[in-house]
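*Asks:* model the structure of this input:
(2 chains, ligands or ions: 2)
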Amino acid sequence: MDAFIEVDRVEKVFDVRRRTGFMKRERRQVRAVDSLSFTVARGEMVGYIGPNGAGKSTTVKMLTGILMPSAGRLRVAGIDPSRERTRLAHRIGVVFGQRTTLWWDLPLIDSYRLAHRIYRIPDARYRENLDRCVELLQLESLLDVPVRQLSLGQRMRGDIAAALLHDPEVLYLDEPTIGLDVVSKAKVRGFLRELNAERGTTVLLTTHDLQDIEQLCSRVMVIDHGRLVYDGPLAGLHEAGESERMLVVDLERELPPVRVASARVVRVEGPRQWLAFPAGQSAAPVVAQLAAEYPLVDLSVREPDIEAVIAKMYAEKAVS
Amino acid sequence: MGAGRLYGAVAAGGFRRYATYRAATAAGVFTNTVFGLILVYTYLALWDEKPHLGGYDQAQAVTFVWLGQALYATLAIQGGGFEIEFMERIRTGEVAIDLYRPVDLQAWWLASDLGRALFQLLGRGVVPFVFGALVFPTAVPGDVGRWLAFAVAVVLAMVVSFGIRYLVALSGFWLMDGTGALQALMVTGIFCSGMALPLNAFPGALGEVVRALPWAAQLQVPADVLMGKADPVPAFVFQAAWAVVLLAAGRLVQLAAARRVVVQGG
Ligand SMILES: Nc1ncnc2c1ncn2[C@@H]1O[C@H](COP(=O)(O)OP(=O)(O)OP(=O)(O)O)[C@@H](O)[C@H]1O
Ligand SMILES: [Mg+2]
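*Replies:* Ligands and ions are numbered 1, 2, ... in the order given. I've put the predicted structure just below:
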C-alpha cells in the first residue's frame, strides 16, 4: 500500500513570549509535537485521539500546510504541505468542528456556489457532488437558510459538505461531532462511513468522542504531549492500557472475599462480588474454579470501558 | 477567467450579505439624513460668516455635506466594513482556515468589501443625497460626463478606502487588541477625509498635508470631480497612485503576516 500521508520525525515548537512585568518578557518554548512519525495508507480511516493540548490540532494544521513543522518531513499525496499549500488545497478537505468556512450571513447554498468557484470544480461534477451530499447529509431543506440560523448539528453537516464538493482525496476532521446530539452524531458518522467505503476517501479523524472511533475507525493513534503513545487497532488499546475485565458474581449468601487464581476481588456488596482479571485472559478458568469451590447463583462478565482505559493511559503518561 | 468569476461571486456575496440587514440599513439612512441636516445648518452658518470658504459657495458646501453622508458608509470612513470581520478572524485564529483555501486573501477581501460598498452606496447613500438635493439648493451638475467621472472617482475611492483599512486590519496579527487601531482609523477617517470640514477649507501647511494624504482620495476628490472643482484626470491619477501604493503595502504586510501564522500559528 502506498503511504498517502507520511509523517517522519516531525516536530513543532512554538515560541511563547509572555509579559512578566514592565518591559520584561519571558520566552518559553512549547513543544506541541515531538518527533512524531506515522503513515496512513490511501483509503484508510484513522482515529487520532489524545487529551487536551496533546498536539492533535497542531498536527492537522501541519498536514494542511497552514503550519510549518520546526523539524522533520511531511508529505501528503507526495506534496510538502507548507511548501505547496495552494496546490495541496485542491486535494484535501478540512473540517474544524469549532470553526466554520461557511458564509455566516448568507444561505448555505451560497457557500457551496462559492466553493464551486474557489476550487474550479467542473459544473457536472459540482452538481453531482452537491446532490449527493445534500441527500446523504439531509441538507435539502437547509440550503436556503442563512448559516447563522442553522443549529450546530446542521451547520456541521453543512461544513462537511462544503469540504467535500471538490472531491478531496483526504479529509481531515478536527472534532466534527463536538457538541452534537445523538441523532446528528449518527448522521455524521453514517455519512463518513459511506464516504470512505464508496469513494475510498482517506480520513483522519480527531475527536474526544470514543464512539466516533469505535464506530468508524479500525485503527487509532493516541498522541500525548506531542508523542505517539499508541498506534493500532482500537481493541489493542486494552492490552496497551493494561485494562481489566470484570467478573460480577452472585453467591448464595454473604461470604468473605473469594480466593481464585489470577483474579482479585475489588468490591464486595452483600452476596455480590466483583472480580478483576486481565483483559487478555479468558474468563473460563476463573468461572470454573468459582463454580467448583463456591455456591454460585449467577454471574456476568463486563468488558472494560474504553474511556476508562484511555483515561488511565493519559494519566500514566502524564506522570511518567 | 476563473479568478474573475470567483471574485465576482465574492463581491456579489458581499453585496447580498449587507442587503439582508434591512433594519440596519433603514437606521443608517435615517442617521445619515439627520447628521446631514445638522451639518448643513452648521455649514450654512459658517459660510454666512466666511463666504467662499475653501473656494466653495453655499450651494457647493451643502452638496459636499450630502455627498459626505452618501459616501460615509460606502467608503467606511469611520470603519465598519470588512475589517471588523477580518480582525475578528485574525483574533480567533479563523484566518488560518482562510489561508489554506486556494484564494488570494487580499483579493478576496477587496472583492467582498467592494460588494459591500456598492450595496451601501445604493442602500444607504442614495436616499440621504436625493433628500438633500430636493430640500436644499445644491450644486449638482446636469452633465452626464461629470456623473460618469464621479462614478470612476467613487470606485477608486472605494479601493483606497479598502487599502487603508486592510493595513489597519493586518495590524491585528501583531497587536493583541485591535480596538486602538480601529479607534485611530475612526478619528483620522473623520478628520482627514473632510467629513468634519472640507479639506480645501483647512488652512496653510495643514491643508497642504491633508490634501496629499490618501484620505483625501475618499470624499474630497470625488466631490470636487462632481462639482467641477477638480480636473478628472489628475484626480484619478492621485487616487490610483494611492490605491496602488496602499495595495502594494498591504501585500507586503500580508506576506509577513502569513509567514508569521505559518511559523507561529494563528
Ligand atoms: N499558536 C500557538 N502558539 C503557542 N502555543 C500553541 C499554539 N498552538 C498550539 N499551541 C500549544 O501546543 C499544544 C498543542 O495544542 P493543540 O491545539 O495541537 O492541542 P489539541 O491536541 O488539538 O488539544 P484539544 O483537544 O484541546 O483541541 C498546546 O500546549 C497548545 O497550548
Ligand atoms: Mg484541538
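
*Asks:* let's verify the residue lying closest to B:Leu170 once chain neighbours are set aside: helix, strand, or coil?
*Replies:* Nearest residue to B:Leu170, sequence neighbours excluded (Cβ to Cβ, 6 or more residues apart in numbering or on different chains): B:Val253, at 4.7 Å. Every C-beta, even on glycine, is put in place using the N, C-alpha and C of the backbone. Secondary structure, DSSP: H, G, I helix; E, B strand; the rest coil: B:Val253 is helix.

*Asks:* quick one: B:Val253 from A:Gly270, how far?
*Replies:* Noted for B:Val253: a distance of 73 Å to A:Gly270, by Cβ to Cβ, to the nearest Å.

*Asks:* of those two, who's got more company?
*Replies:* Taking other Cβ atoms under 10 Å in any protein chain shown, B:Val253 and A:Gly270 do not tie; B:Val253 has more neighbours (18 against 10).

*Asks:* thought that one was touching B:Gly172?
*Replies:* No - using Cβ atoms under 8 Å, B:Val253 is not in contact with B:Gly172; the gap is 10.9 Å.

*Asks:* separation between A:Glu194 and chain B?
*Replies:* 25 Å (Cβ to the nearest Cβ, to the nearest Å).

*Asks:* stretch A:140-148: end-to-end distance?
*Replies:* With Cα to Cα, to the nearest Å applied, stretch A:140-148 spans 17 Å between its terminal residues.

*Asks:* and that stretch, how far out from the chain middle?
*Replies:* 28 Å (Cα atoms, centre = their mean, to the nearest Å).

*Asks:* how about it: buried residues?
*Replies:* With burial defined by 16 or more other Cβ atoms under 10 Å in any protein chain shown, the residues of stretch A:140-148 counted as buried are A:Leu142, A:Leu143, A:Val145, A:Pro146, A:Val147.

*Asks:* of those residues, which ones also sit close to chain B?
*Replies:* A:Pro146 (Cβ under 8 Å from any Cβ of the partner chain).

*Asks:* what's the pLDDT at residue 260?
*Replies:* Going with chain A. Listed pLDDT for A:Val260 reads 89.

*Asks:* was after chain B, sorry
*Replies:* pLDDT at B:Arg260 comes out at 85.

*Asks:* packing partners for the host helix or strand of it?
*Replies:* B:Arg260 is part of helix B:232-264, with elements assigned from DSSP states H and E. Packed against helix B:232-264 by the contact rule (3 or more Cβ pairs under 8 Å, 6 or more residues apart in numbering or on different chains; DSSP states H and E) you find helix B:95-100, helix B:105-120, helix B:144-170, helix B:220-226.

*Asks:* return the most buried member of those helices.
*Replies:* Mean neighbours per residue, mean count of other Cβ atoms under 10 Å in any protein chain shown, is largest over these for helix B:220-226, with a mean of 27.

*Asks:* got a list of contacts for it?
*Replies:* Here helix B:220-226 makes contact (Cβ atoms under 8 Å, 6 or more residues apart in numbering or on different chains) with B:63-64, B:67-68, B:71, B:140-141, B:146-147, B:149-150, B:153-154, B:157, B:193-194, B:198-200, B:211, B:229-230, B:232, B:235, B:238-239.

*Asks:* still on that earlier bit, could you pull out the buried residues of the helix holding B:Arg260?
*Replies:* B:232, B:235-236, B:238-239, B:242-243, B:246-247, B:250, B:253-254, B:257-258, B:261-262.

*Asks:* returning to that earlier point: could you dump the helices and strands packed on helix B:232-264 to CSV with mean pLDDT and distance to A:Phe38?
*Replies:* Converted to CSV, the helices and strands packed on helix B:232-264 look like this (pLDDT from 0 to 100; distance: least, Cβ to Cβ, whole Å):
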stretch, mean pLDDT, distance to A:Phe38
helix B:95-100, 82, 21
helix B:105-120, 96, 32
helix B:144-170, 97, 36
helix B:220-226, 97, 59
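
*Asks:* of all the ones you listed, which one comes closest to ligand 1?
*Replies:* Closest to ligand 1 of the helices and strands packed on helix B:232-264 is helix B:95-100 (Cβ to the nearest ligand atom; 9.2 Å).

*Asks:* please see if that closest one touches chain A.
*Replies:* Yes - Helix B:95-100 is in contact with chain A by Cβ under 8 Å from any Cβ, via B:Ala96, B:Ile97, B:Leu99, B:Tyr100.

*Asks:* helices or strands up against the helix or strand of chain B with the lowest mean pLDDT?
*Replies:* Ranked by mean pLDDT, DSSP states H and E, the weakest helix or strand in chain B is helix B:95-100, scoring a mean of 82. With contacts taken as 3+ Cβ pairs under 8 Å, 6+ apart, helix B:95-100 sits against helix A:85-89, strand A:92-96, helix B:82-92, helix B:105-120, helix B:232-264.

*Asks:* pull the CA atoms of the helix or strand that comes right after the second one into CSV?
*Replies:* Proceeding C-terminally, strand A:92-96 gives way to helix A:108-118 as the next helix or strand, assigned by DSSP H and E. C-alpha atoms of helix A:108-118 as CSV (Å, rounded to 0.1, in the frame of the first residue of the first chain):
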residue,chain,number,x,y,z
LEU,A,108,-26.0,27.7,2.8
ILE,A,109,-26.2,27.3,-0.9
ASP,A,110,-24.2,30.5,-1.5
SER,A,111,-21.2,29.0,0.3
TYR,A,112,-21.4,26.0,-2.0
ARG,A,113,-21.6,28.1,-5.1
LEU,A,114,-18.5,29.9,-3.8
ALA,A,115,-16.7,26.6,-3.3
HIS,A,116,-17.6,25.8,-6.9
ARG,A,117,-15.6,28.8,-8.0
ILE,A,118,-12.8,28.6,-5.4
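
*Asks:* on contacts alone, who are the packing partners of helix A:108-118?
*Replies:* helix A:123-136, helix A:152-164, helix B:2-19.

*Asks:* and of these, who's closest to ligand 1?
*Replies:* helix A:152-164 (16.0 Å).

*Asks:* near ligand 1, which residues of chain B are found?
*Replies:* B:Gln264, B:Gly265 (Cβ under 6 Å from any ligand atom).

*Asks:* repeat that for 5 Å
*Replies:* B:Gly265 (Cβ under 5 Å from any ligand atom).

*Asks:* just checking, A:Asn196 touches A:Met45?
*Replies:* Yes - using Cβ under 8 Å, A:Asn196 is in contact with A:Met45, at 4.8 Å.

*Asks:* mutual contacts of these two, please.
*Replies:* In contact with both A:Asn196 and A:Met45: A:Val203, A:Leu216, using Cβ under 8 Å, 6+ apart.

*Asks:* for A:Met313, report the pLDDT, please.
*Replies:* 74.

*Asks:* what is the burial count for it?
*Replies:* The burial count for A:Met313: 22, using other Cβ under 10 Å.

*Asks:* what about it, which helix or strand?
*Replies:* helix A:306-319.
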